[in-house]
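In: next one to model:
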Amino acid sequence: MLVKTFGSAVFGIEAITITVEVNIAAGTKFFIVGLPDNAIKESYFRIESALRNCGFRMPRQQVVVNMAPADIRKEGSAYDLTIVTGVLAASGQIETENLDKYLIMGELSLDGGLQPIKGALPIAIQARKDGFKGFILPKQNAREAAIVNDLEVYGVESIKEVAGFFNGDMQLTREIVNTREEFYDSLCNYDSDFSEVKGQENIKRALEIAAAGGHNVILIGPPGAGKTMLARRLPSILPPLSLYESLETTKIHSVAGKLAAADALVTVRPFRSPHHTISDVALVGGGSNPQPGEISLAHNGVLFLDELPEFKRSVLEVMRQPLEERKVTISRARFSVDYPCSFMLVTSMNPCPCGYYNHPEKECTCPPGAVQKYMSKISGPLLDRIDLHVEVTPVNFNELASDRLAEKSELIRERVIAARNIQIERFGDKPDLHANSQMSPQMVRDICKIDLAGQTLLKKAMEKLGLSARAYDRILKVSRTIADLAGSEEIKLEHLAEAIHFRSLDREGWAG
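Out: Just a heads-up that it's a prediction; the model follows:
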């Protein structure tokens, strides 16, 4: 008897429906064809054990399983439930009447229980597009898939429930999630706040500018000055995610298997902080079975690289193209996948190996040339993509002991949103452009115009401070953001001066 069930394969953050054909005929062996990987070939042992432990029988005939389209490679153990449902139907143990109305996915345990799968959200979206009535999957993934409207989602815990459902002996409980309510209830729900940071007003101001224009930042200062603490609070002043951004971010985390069972949506901007021992593949994504990397998991949020010079140079260099294009393409011989990676890069570092170069109180103990050698670990092209260079100084005792409450993230975020709204209006005819940091050189010339006094100031700054040519466009972009924060249509001298102040590493002689 021939029976068809339906599963799905995930490529990048999109899904493709897979038809699983099961045919039982005279013979004795079990075959799986259609470009399955080893995990799928091993499913026979999981299926046989699960059926036996749940009171079903494994057919002692020839079972041929075909996964179509046959030219697409199928990977992972998530097809176990799709295959076992087909085997039960083909052997007459469950009814076949409604099989074609549901997409079925799940990994089997030997006792017939189900393990969670990756990519439930993109699979559910594709199931709705393809006109399926419902989606049956492990209970752990049910909330994630249920945010898709007009699709019945049923979370199950074992194959007994699936068999009972198709035989009409059992009613499954439909998982229902109010997407908008879920989204708005936990929007901007951050654990940390800028009001907890004592002092460091100059650094807070720099991060406010960065958040307002989507600029990349590098924080340079001695150990214990608060670089990491400040960076971790940056998402709390970024504009809230839109529902579209939330869904897009959730799809990436779903594919990577990073969503908890209790989560349906990613409602706050991601903050990713990989260790400096990370490999280039783990950072940008890839592998034999391509998975999104840290830069994609930080999509619509912040990627924080602590102790930047400690990262391998090859790891840092692979970020250069994704920083510009805001997507990364993983290419293989037979296919390629795209992962979005529009993130703010925030990095921190000590100014030298001992950490106390330019410290107001402690003396640097590094030998001559060590500071320059330490700084040279970061390439010029990477620094070229960082708009704000911020020197962080230690907080003195009086500020630490003060009871004065600092400004809350909520108040800073309101100013950032106002500046972003100005930019949204400015780039209204360019849907791919959202912030000042994304402007092309030609747009900088057209939008960031300065008067004669401003040109004179910028010329003197570049000559006296020894600023490099690459700093020119960056200064104009940042000054445009500062003007937006001030609600000014024109870039004034004070906006330009503040932007020049945040180009420390471009100054000749900064590193000795």
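
In: just the CA trace of stretch 159-168, in CSV.
Out: C-alpha atoms of stretch 159-168 as CSV (Å, rounded to 0.1, in the frame of the first residue of the first chain):
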residue,chain,number,x,y,z
ILE,A,159,3.2,8.7,18.5
LYS,A,160,0.2,7.3,20.4
GLU,A,161,-1.4,10.8,20.3
VAL,A,162,-0.7,11.1,16.6
ALA,A,163,-2.2,7.7,15.9
GLY,A,164,-5.2,8.3,18.1
PHE,A,165,-5.8,11.7,16.4
PHE,A,166,-5.9,10.2,12.9
ASN,A,167,-8.0,7.3,14.0
GLY,A,168,-10.5,9.6,15.6
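
In: buried ones in it?
Out: For stretch 159-168, burial by neighbour count (16 or more other Cβ atoms under 10 Å) applies to 159-166. Placement of C-beta: from N, CA and C, glycine included.

In: keep only those of the residues you listed that are in helices.
Out: Using DSSP state H, the members of the buried residues of stretch 159-168 that fall within helices are 159-166.

In: looking at the residues you listed, which one is closest to residue 324?
Out: Residue 324 lies nearest to residue 162 out of those, by Cβ to Cβ, at 47.4 Å.

In: from residue 113, how far out is that closest one?
Out: Distance of residue 162 to residue 113, computed by Cβ to Cβ, to the nearest Å: 12 Å.

In: and for residue 184?
Out: 35 Å.

In: who's more crowded, those two?
Out: Using other Cβ atoms under 10 Å, the more surrounded residue of residue 184 and residue 113 is residue 113, with 19 against 13.

In: what pairs with that one across the strands?
Out: On the basis of DSSP bridges, residue 113 is bridged to residue 158.

In: hmm, it is touching residue 161, no?
Out: No: here residue 113 does not reach residue 161: they are 10.3 Å apart, not a contact under Cβ atoms under 8 Å.

In: which stretches of the stretch 101-250 of the chain form helices?
Out: Secondary structure of the stretch 101-250 of the chain (DSSP state H, counting those that start in this stretch): helices at 120-129, 142-145, 159-167, 179-185, 201-213, 227-232, 243-255.

In: dump the ones you listed to JSON lines, plus mean pLDDT.
Out: Shown next, in JSON lines, are these (pLDDT from 0 to 100):
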{"stretch": "helix 120-129", "mean pLDDT": "96"}
{"stretch": "helix 142-145", "mean pLDDT": "93"}
{"stretch": "helix 159-167", "mean pLDDT": "96"}
{"stretch": "helix 179-185", "mean pLDDT": "82"}
{"stretch": "helix 201-213", "mean pLDDT": "94"}
{"stretch": "helix 227-232", "mean pLDDT": "92"}
{"stretch": "helix 243-255", "mean pLDDT": "93"}
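
In: give me the domain ranges for the protein.
Out: 2-177, 194-406 (automatic domain parsing).

In: span of the shortest one from start to end?
Out: I take that to be domain 2-177. Using Cα to Cα, to the nearest Å, the end-to-end distance of domain 2-177 comes out at 36 Å.

In: now do residue 213 against residue 190, distance only.
Out: 21 Å.

In: what of residue 462?
Out: Going from residue 462 to residue 190 by Cβ to Cβ gives 39 Å.

In: which secondary structure state is assigned to the nearest residue to residue 273 once chain neighbours are set aside?
Out: Counting by Cβ to Cβ, 6 or more residues apart in numbering, residue 273 lies nearest to residue 304, which is 4.4 Å off, once chain neighbours are set aside. At residue 304 the chain is in strand, as set by DSSP: H, G, I helix; E, B strand; the rest coil.

In: residues in a beta bridge with residue 304, which ones?
Out: Taking DSSP bridges, one obtains residue 346 as the residues bridged to residue 304.

In: for this protein, what helix or strand is lowest in average pLDDT?
Out: Among the helical and strand segments of the chain, the one scoring lowest on mean pLDDT, DSSP states H and E is helix 397-401, with a mean of 74.

In: ok, then the element right after it?
Out: Tracing the chain past helix 397-401, the next element assigned as helix or strand by DSSP states H and E is helix 409-426.

In: name the SS class of the residue lying closest to residue 307 once chain neighbours are set aside, please.
Out: Of all residues not flanking residue 307 in the chain, residue 276 sits nearest, at 5.5 Å (Cβ to Cβ, 6+ apart). Put simply, residue 276 is coil when judged by three-state DSSP.

In: quick check: phi and psi on the nearest residue to residue 188 once chain neighbours are set aside?
Out: Computed as Cβ to Cβ, 6+ apart, the closest residue to residue 188 that is not its neighbour in sequence is residue 240, at 5.2 Å. Per-residue torsions, residue 240: phi -60, psi 150 (degrees, to the nearest 10).

In: give me the neighbour count for residue 240.
Out: Residues lying near residue 240 (other Cβ under 10 Å) number 15.

In: give me the below-cutoff pLDDT ranges for this protein.
Out: Across the chain, the ranges flagged by pLDDT under 70 are 468-470, 506-512.

In: swap in 80 and give it another go.
Out: Residues of the chain that meet the criterion pLDDT under 80 lie in 185-189, 260-264, 288-289, 332-335, 396-405, 431-432, 465-471, 504-512.

In: what residues of the lengthiest strand in it count as buried?
Out: When the chain is parsed with DSSP state E, its longest strand is strand 14-25. Applying a neighbour-count criterion of 16+ other Cβ under 10 Å, one finds 14-15, 17-18, 20-24 buried in strand 14-25.

In: check stretch 85-104 too.
Out: 85-91, 93-94, 96, 99, 102-104.

In: and the strands in the stretch 251-400 of the chain?
Out: 271-272, 285-286, 291-292, 302-305, 327-331, 336-340, 344-349, 388-391 (DSSP state E, counting those that start in this stretch).

In: in TSV: these, plus mean neighbour count.
Out: TSV is the format used below for the strands of the stretch 251-400 of the chain (neighbours: other Cβ atoms under 10 Å):
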stretch	mean neighbour count
strand 271-272	20
strand 285-286	23
strand 291-292	22
strand 302-305	24
strand 327-331	16
strand 336-340	19
strand 344-349	24
strand 388-391	22
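
In: for residue 373, which of those strands is the nearest?
Out: Each of the strands of the stretch 251-400 of the chain has some distance to residue 373 by Cβ to Cβ; the shortest is strand 344-349, at 13.5 Å.

In: tally up the residues packed near the nearest residue to residue 118 once chain neighbours are set aside, please.
Out: Nearest non-adjacent residue to residue 118, counting by Cβ to Cβ, 6+ apart: residue 257, 4.2 Å away. Neighbourhood size, residue 257 [other Cβ under 10 Å]: 13.

In: check residue 500 too.
Out: Using other Cβ under 10 Å, residue 500 has 20 neighbouring residues.

In: hmm, back to that, for the helices of the stretch 101-250 of the chain, which one sits closest to residue 467?
Out: Smallest distance to residue 467 across the helices of the stretch 101-250 of the chain (Cβ to Cβ): 17.4 Å, for helix 201-213.

In: and the closest one, which residues are buried?
Out: Neighbour-count burial for helix 201-213 [16+ other Cβ under 10 Å]: 203-213.

In: now these in JSON lines, with distance to residue 173?
Out: Below are the buried residues of helix 201-213 laid out as JSON lines (distance: Cβ to Cβ, whole Å):
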{"residue": "203", "distance to residue 173": "51"}
{"residue": "204", "distance to residue 173": "48"}
{"residue": "205", "distance to residue 173": "52"}
{"residue": "206", "distance to residue 173": "51"}
{"residue": "207", "distance to residue 173": "46"}
{"residue": "208", "distance to residue 173": "47"}
{"residue": "209", "distance to residue 173": "50"}
{"residue": "210", "distance to residue 173": "46"}
{"residue": "211", "distance to residue 173": "42"}
{"residue": "212", "distance to residue 173": "46"}
{"residue": "213", "distance to residue 173": "47"}
